[in-house]
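Asker: Please work out how this folds:
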Amino acid sequence: MARDNLDTDVPDTHAHDGDASNRGANSRGANDAGDADLHHRDTTTADPTVADAAPASEVSPWPIRLLAIASGVALMMSLPPWGWWPLAFAGIAGIDRVVAASARRGQRLRHTWLAAAAWLFPSTIWMFDFTAPGYVVAMVVFSALYGIVGGLAPQGRGRRPVLAGGFVFAELIRASWPFGGVPISTMAMMLSSSPLLPIARVGGPFLLAFTIMTIGLTLSAAVGRQTRTAILGVAGALILILLGLVGPRGETIDTLDVAVVQGGGPQRTRASASQEPIVFARHLEASQTISTPVDLVLWPENVVNPKAPGASENAAGLDKDFAQTELEQLARDLDAPILPGWFEKVSDTNTINYTNIINPDGSTGDRYDKVRLVPFGEVIPFRPLLESIAGDALPARDVIPGTEPAVLDTPVGTLGISISWEIFFANRARDAVGNGGEVLINPTNGSSYWLTIVQSQQIASSKLRAMETGRWVLQAAPTGFSAVITPEGKVVDRTGVSETRVLTETIERRRGLTWANRVGNWPAVLLALAGIVGGLAASERRATRTTGTDRTAAASKAEVPDREGRPAVP
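Answerer: Numbers count the residues shown, from 1 in each chain. Below you'll find the model as predicted:
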């Protein structure tokens, strides 16, 4: 019986309680009969009828729970650094069967939460190294977003559209809330190395999430031999794939010879005044190995980290004037603009995180201050409260966010820029390209992270941004990963962790807007909204028909006379 319930729809026991009590034992008998003939009915309908499902009381919860966990693990394994992307579809198909087999809304919520937890907890384990309580709270809450979707999904024909739309909205919420959003281990990343990546240029990362839902739910329908639903799902997926292939991609203006510098050094380190001159020296020495003419040299985020204003000459740390002089001389020697990443203390309570340009003549050019800051890393929400609990464990200063467009005007063209964390947000890259960015640069710093999950997912995010914008992406990190990525999302070169290396490549300056640049998230939002509204409406129509049928049957029974010719009493 457990298997039958994974392959069919179980009636929502919260709906029509009054009708169910009137039916009594007759209802159970009908269910048993339908169950015996489960696989001999017409499977061309959009979804099985609830009359064919086994009674909810006969469903064992453990097979459902195990399927939920397995489905979540499949989603996790489809993410970087594992990258087995076809498992994303299997994971969603499994979640659909879990929801179908869970009779009550509370069960559907808990089982979907369990699947999401099996997806998110392992793929964000690096957070535990920073804050164990924060890691647990964040993942419980984020898993609950998907659990709520599963709980709200109706049984029957409306289930799959609501699941598709609801999961997309859960992804949208995670990308914007709390504290500006935490878009890590996202569904879009699952397809970053797949042939379906071009769909991102149509409607961005959330249309990729909708694609995963469409294909996964289609797979579930096909396994359940629901032919019409499967055909519609395949048609929808093919339309999205076709749009990705024919959509505008931008065009080439000119070429640039670039150098992306990675100074190397140990991973999983914390900021230290004594290390700041060493980190600077590593990148300076690596840059001095550049032997071929280049048009641009990109350094990572905040590898130029000078001492606070007013610090004594004998205090540990990097001297700002010394760093500036060395950078100016390097630009002259290479006859190319240098783009260093600065992390500068401006007061006892604030710092600034920016990238500027040191021109080939040694002058200082344009500058961009990071806009989207890392919560609890660069800015501390509720600082007075948390300082009373965590004390010195928190960063002493908050970064002042920038306010300017995400572009840098350089002697070789207009560069779009997303510093570190910003590359996870599609709207920052759209801002860059919308303001004339011809190349997208991503100076970053992942040297403090445990494992390589974050670094791998950042490469995936850079591939997404490249495809969405139709631009080359240059990613520079002090200890890895640094990379050069084409507008098609192909990584043409990448460093290893802790490696000292300079990536040199000829890239293109490009112009023109993709559909994703023009319309942003709206295609995914509208499709998700249509799925939720349409699914709920279909469920309501089914409920209305079921109630009407039951009442008609009850009225007919009341009109049938007994053996003595008297009307039967209902």
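Asker: got the buried residues for stretch 344-358?
Answerer: Neighbour counts over stretch 344-358 (16 or more other C-beta atoms under 10 Å) mark 344, 345, 351, 352, 353, 354, 355, 356, 357, 358 as buried. Every C-beta, even on glycine, is put in place using the N, C-alpha and C of the backbone.
Asker: What mean pLDDT does it get?
Answerer: Average pLDDT, stretch 344-358: 96.
Asker: Can you get me the start-to-end distance on that stretch?
Answerer: Taking C-alpha to C-alpha, to the nearest Å as the measure, stretch 344-358 stretches 16 Å from start to finish.
Asker: now do stretch 300-316
Answerer: Its first and final residues considered, stretch 300-316 spans 22 Å by C-alpha to C-alpha.
Asker: likewise stretch 515-524?
Answerer: One end of stretch 515-524 sits 12 Å from the other (C-alpha to C-alpha).
Asker: mind starting the numbering at 791 from now?
Answerer: Let's use 791 as the start, then, which means that last one is stretch 1305-1314.
Asker: for residue 878, what are its contacts?
Answerer: Contact analysis of residue 878 by C-beta atoms under 8 Å, 6 or more residues apart in numbering lists 864, 865, 868, 977, 980, 981, 1002, 1006.
Asker: now it: how far from residue 869?
Answerer: Taking C-beta to C-beta, to the nearest Å as the measure, residue 878 falls 8 Å from residue 869.
Asker: do residue 1306 as well
Answerer: Distance, residue 1306 to residue 869, by C-beta to C-beta: 21 Å.
Asker: Who has more neighbours out of these two?
Answerer: residue 1306 (31 against 28; other C-beta atoms under 10 Å).
Asker: what's the first-to-last distance across stretch 1071-1090?
Answerer: Using C-alpha to C-alpha, the end-to-end distance of stretch 1071-1090 comes to 13 Å.
Asker: How far does that stretch sit from its chain's centre?
Answerer: Offset of stretch 1071-1090 from its chain centre (C-alpha atoms, centre = their mean, to the nearest Å): 33 Å.
Asker: Then stretch 1094-1101?
Answerer: So, by C-alpha atoms, centre = their mean, the centroid of stretch 1094-1101 is 36 Å from its chain's centroid.
Asker: rewinding a little: mind listing the shared neighbours of residue 878 and residue 869?
Answerer: Among the neighbours of residue 878, those also in contact with residue 869 (C-beta under 8 Å, 6+ apart) are residue 980.
Asker: hmm, back to that, closest to residue 1324 among the buried residues of stretch 1134-1148?
Answerer: residue 1143 (44.7 Å; C-beta to C-beta).
Asker: how would you label that closest one: helix, strand or coil?
Answerer: Here residue 1143 is strand, with the state taken from DSSP: H, G, I helix; E, B strand; the rest coil.
Asker: next one: residue 1186
Answerer: coil.
Asker: And it, how far from residue 1135?
Answerer: Going from residue 1186 to residue 1135 by C-beta to C-beta gives 9 Å.
Asker: same check, this time on residue 1317
Answerer: From residue 1317 to residue 1135 the distance is 47 Å (C-beta to C-beta).
Asker: Likewise for residue 872?
Answerer: With distances defined as C-beta to C-beta, the gap from residue 872 to residue 1135 amounts to 39 Å.
Asker: Same check on residue 1293?
Answerer: Taking C-beta to C-beta, one finds residue 1293 at 30 Å from residue 1135.
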